[in-house]
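> Curious how this folds, go ahead:
(2 chains)
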Amino acid sequence: MIVETGHFALVMALCVAAVQSTLPMIGAHKKHSSWMALASNAALLQLLLLIISFAALTYAFVTSDFSVTLVLNNSHTLKPLLYKVSGVWGNHEGSMLMWVLILAIYGGAVAIWGNNLRPTLKARVLGVQGILGFGFLLFILFTSNPFNRIFPAPIDGQDLNPLLQDPGLAFHPPLLYLGYVGFSTTFSFAIAALLEGRIDPAWARWVRPWTLAAWGFLTGGIALGSWWAYYELGWGGWWFWDPVENASFMPWLAGTALLHSAIVLEKRDNLKSWTIFLAIIAFALSMLGTFLVRSGVITSVHAFASDPTRGVFILALLVITVGSAFALFAWRGPALKSTGIFQPISREGGLLINNFLLSVATASVLLGTLYPLFIDVLDLGKVSVGAPYFNSVFVPLMSPMILIMGLGPFLNWKRGDAILALKQLQIAAIIALTGAVITWFLIDRATVLAAFGIGLSIWLFCATLSELAGRIQLFRAPIIEVLRKLRRQPRSSWGMTLAHGGLALVIAGMTASSAWRVESIQSMMPGDTALVSGFEFTLKSVQNIEGPNYTASRANFDVTNRASFKISLEPEKRIYVVSRQPTTEAGIYSTFLGDLYAVIGDPDGKGGYITRLYFNPLVTWMWFGTFIMVLGAGISLSDRRHRVGAPARRKLPRGATAET
Amino acid sequence: MKRKNKRLSMISAAFLAICAAMALILAAFEDNIVFFYSPTEIINNELQANQRLRLGGLVEEGSVQRATGSPIITFNVTDLITTVPITFKGILPDLFREGQGIVAEGNFRGGKFFATEVLAKHDENYMPKEIAEALKKSGKWKGAENALPQTK
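Numbers count the residues shown, from 1 in each chain, chains lettered A, B, ... in the order given. Modelled structure (predicted):
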């Protein structure tokens, strides 16, 4: 019964979406205020209906109702509760339901917190959200209904893919979707603004918190996925330039560009068409990501079994949505006149270069990801574009960007003084150069690239700190004054400082773990010792253990550096009972300087086991750095300047402002 | 500089930058595209020994052998017409099984494939498209129900 309620709520949500996507749009066009006001109620009602629907599906999973096909295929009574819940979105149908639920959450959030928006703009934003919701609800109901039943109901289910039974992956999809779908809001704002024919700094200010939220979630989601790949797949790597990883990375790059171009629009009333373009592209890439993952057109380690009709449906949605968005953009875009003038050496000049490089990077990832598909369609053979391509394109593109990232915040708006900025950055430059030189000469196996990467990271970190120090007048004003200034820094400035500083840590982690990783593969008998990067790994024993829904061989390693440091690692090789599928659980011990990482493989036939041991330097810096970046987004989001609307509007009496 | 000149110089700077970026991307493409071969194709094609490539097919039943006391594994990959031996050092992915489709990346030298990476899929029902087509080409494709990965 509860399942049927969920199904019914889903159908109702489709009807509400149909209303939400039409009446408010007409109302905004004809200036019927009651029709426009309908948008908020429709958005909230849709949110309520989708919450009911999602809750019903969750209920079916938690109570192991195997008469529901989806539960049957993805759950099992022995599965721990957390994975029964995460099983809801650990499959195609459920994850699409979550997609529309999150879309409705963003819609509801606009309805609740969007009171300072122009009524016509709000109605149109929610109308566009309604159209998107309508399309995806149709998709769910026609091709991927999560509530389909099976009779008679089997006794037990087929279990969730064991690789997904993991805390990191339980929360990776929701975060990623909050990011992906978050860009639907900026997309709706862009379309609504094009319909209104009006884009001004106030618009940029309204859009900024949504971009920030989407960006923060996406950053967290990507990092969580990368972390999961690191400890669960047992390859010791954290990023494989796999098509599906790229699918989440492209909206991130475009979203980062959007975040920065919206600042230029807000402060300087410039880059209007460009910002709109980015808002459309960011969401288009999110939809493309959904398409790539869900259609299975690209061979990827992530590619799950898929159904071609679904791919065609999503592709059609993508083409219609993005196609009409660009048509509207081509029609209305030229009318958007930017008023500000543009000097190359200025804050906006720096942000423009940032945007340029990020866009080229996005395009290069897109090209590398889709190229095998083009070649296949043209029947020119089968190719794959792997990590070497992306690394050799990405590093030269990102390096100048990081250099400018340090410099940009020192330049003034309108007309900056590069000489003055460089003077303020002397110390940062000296420290960075010293760091690079030290790395080059004193650290074993340092390549030019590694020294350069470390130098870049130090540069960005020190430049970000110098910028903060300059703002609070550190060493130039009395300490009380400095502390007062520190407290009074606007939260959005903290956001920038944290995001840039966090990225510096991430770069250090990426560089070090790529350049100085030590890998050792061998066969070990219990009692054998292997030496990895100065650490002795001794295999003490291998035991068979039993988990709730798996059996495992668990190895016990003692690791010591022949001095005071001594820990033990317990990697496992699990076999899940229902699917007979093995998974690897790496044993990891993280320190400030690097991770000790052990994986146990198959028996070698002589009483020993194949083992894979790693020393992965500075890996934790990446996770910590991303955490700082997300924290920066959160703090910036809580800035009260985002909550009050555009100041100019408030001063004027209501009604008189409608056409200004 | 006049405003017009300034705009012109900015546009040409952007143009040059785009050209540089294109050159970069194309150069990277040239060097780093990895072609995919089926076992029959790899035997019949003239290949350079140091060229990186991918080989995909089914792991032949009963062919997986572990050198005792060492992490070196050998197995055969087949499209049911031609069989190619693969040598790999390390731990095979969790979903590696005899009779299943895999993709190996590495070099082909003297009739043997030396893999640096072996890819199997997350999903046990999934058959990589390349392998499905390699099997179709060799005429050993069995039935349509395996042609498309099953819905899971």
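> Whether whichever helix in chain B runs longest contacts chain A - can you check?
Assignment by DSSP state H gives helix B:3-32 as the longest helix of chain B. Yes: counting by Cβ under 8 Å from any Cβ of the partner chain, chain A has neighbours in helix B:3-32: B:3, B:6, B:10, B:14, B:17-18, B:21, B:24-25, B:27-29, B:31-32. Backbone N, C-alpha and C define where each C-beta goes, glycine included.
> Residues in contact with stretch A:209-223: which ones?
A:106, A:110, A:172-183, A:185-186, A:189, A:245, A:248-249, A:251-252, A:255-256, A:258-259, A:262, A:495, A:622-623, A:626-627, A:629-630, A:633-634, A:636-637, A:642 (Cβ atoms under 8 Å, 6 or more residues apart in numbering or on different chains).
> returning to what we had before: walk me through which strands the helix or strand that the longest helix of chain B is followed by pairs with, and which way each runs.
Where DSSP states H and E defines the elements, the next helix or strand beyond helix B:3-32 is strand B:33-37. Here strand B:33-37 is paired, per DSSP bridges, with strand A:382-385 (antiparallel), strand B:53-59 (parallel).
> Next up, phi/psi of the closest residue to chain B within the stretch 51-200 of chain A, please.
Nearest residue of the stretch 51-200 of chain A to chain B: residue A:163, at 5.7 Å (Cβ to the nearest Cβ). Residue A:163 adopts backbone torsions of phi -60, psi -30, taken as degrees, to the nearest 10.
> can you check residue A:89 too?
The phi/psi pair for residue A:89 (degrees, to the nearest 10) reads phi -110, psi 10.
> cool, and residue A:380?
phi -100, psi 10.
> Residue A:521 now?
The phi and psi values for residue A:521, taken as degrees, to the nearest 10, are phi -110, psi 130.
> For it, which residues are in contact?
Counting by Cβ under 8 Å, 6+ apart, residue A:521 makes contact with A:610, A:611, A:612, A:613, B:71, B:89, B:90, B:91.
> Equivalent analysis for residue B:50, please.
Residue B:50 makes contacts with residue B:107, as judged by Cβ under 8 Å, 6+ apart.
> how far away is the closest residue to residue A:42 other than its chain neighbours from residue A:313?
Distances taken as Cβ to Cβ, 6 or more residues apart in numbering or on different chains place residue A:20 nearest to residue A:42, at 3.7 Å, with adjacent residues excluded. Counting by Cβ to Cβ, to the nearest Å, the gap from residue A:20 to residue A:313 is 21 Å.
> Comparing these two, which residue is more hemmed in?
residue A:20 (31 against 22; other Cβ atoms under 10 Å in any protein chain shown).
> State the helix or strand in which the more buried one lies.
In the assignment (DSSP H and E), residue A:20 maps to helix A:2-30.
> tell me the angle of whichever helix or strand comes after that helix relative to helix A:2-30?
Sequence order places helix A:33-62 as the next helix or strand after helix A:2-30, per DSSP H and E. Taking axes from the mean of the first three to the mean of the last three Cα atoms, to 10 degrees, helix A:33-62 and helix A:2-30 form an angle of 160 degrees between their directions.
> buried stuff in the longest helix of chain B?
Buried residues in helix B:3-32, counted by 16 or more other Cβ atoms under 10 Å in any protein chain shown: B:21, B:24, B:25, B:28, B:29, B:32.
> need the contact list for the residue nearest to residue A:140 when sequence neighbours are not counted.
Computed as Cβ to Cβ, 6+ apart, the closest residue to residue A:140 that is not its neighbour in sequence is residue A:96, at 5.2 Å. Residue A:96 makes contact with A:136, A:139, A:140, A:144, A:146, A:294 under the criterion Cβ under 8 Å, 6+ apart.
> which SSE is residue A:96 in?
helix A:92-113.
> so that helix versus helix A:2-30, what angle?
Computed by the same axes, to 10 degrees, the angle separating helix A:92-113 from helix A:2-30 equals 50 degrees.
> Quick check: the closest residue to residue A:416 other than its chain neighbours vs residue A:265, distance?
Taking Cβ to Cβ, 6+ apart, and ignoring the residues beside it in sequence, residue A:416 has residue A:346 as its nearest neighbour in space, at 4.4 Å. Per Cβ to Cβ, residue A:346 is found 15 Å from residue A:265.
> These two: which has the busier surroundings?
Counted by other Cβ under 10 Å, residue A:346 and residue A:265 do not tie: residue A:265 has more neighbours, with 25 against 22.
> Could you report the distance from that one to chain B?
19 Å (Cβ to the nearest Cβ, to the nearest Å).
> per-residue confidence for the residue nearest to the spatial centre of chain B?
By Cα atoms, centre = their mean, the mean C-alpha position of chain B lies nearest to residue B:54, the distance being 3.2 Å. pLDDT for residue B:54: 87.
> right, and it touches residue B:108 too?
No: using Cβ atoms under 8 Å, residue B:54 is not in contact with residue B:108, being 10.3 Å away.
> Which neighbours do the two have in common?
Overlap of the contact sets of residue B:54 and residue B:108 (by Cβ under 8 Å, 6+ apart) is empty.
> Determine the number of other residues adjacent to residue A:419.
Other residues lying near residue A:419 total 9 when counted by other Cβ under 10 Å.
> Could you name the helices and strands sitting against the helix or strand encompassing it?
Following DSSP H and E, one finds residue A:419 within helix A:418-424. Judged by 3 or more Cβ pairs under 8 Å, 6 or more residues apart in numbering or on different chains; DSSP states H and E, the packing partners of helix A:418-424 are helix A:387-407.
> Distance from the chain centre to the helix holding residue A:20, please.
Centre-to-centre, helix A:2-30 and its host chain are 29 Å apart (Cα atoms, centre = their mean, to the nearest Å).
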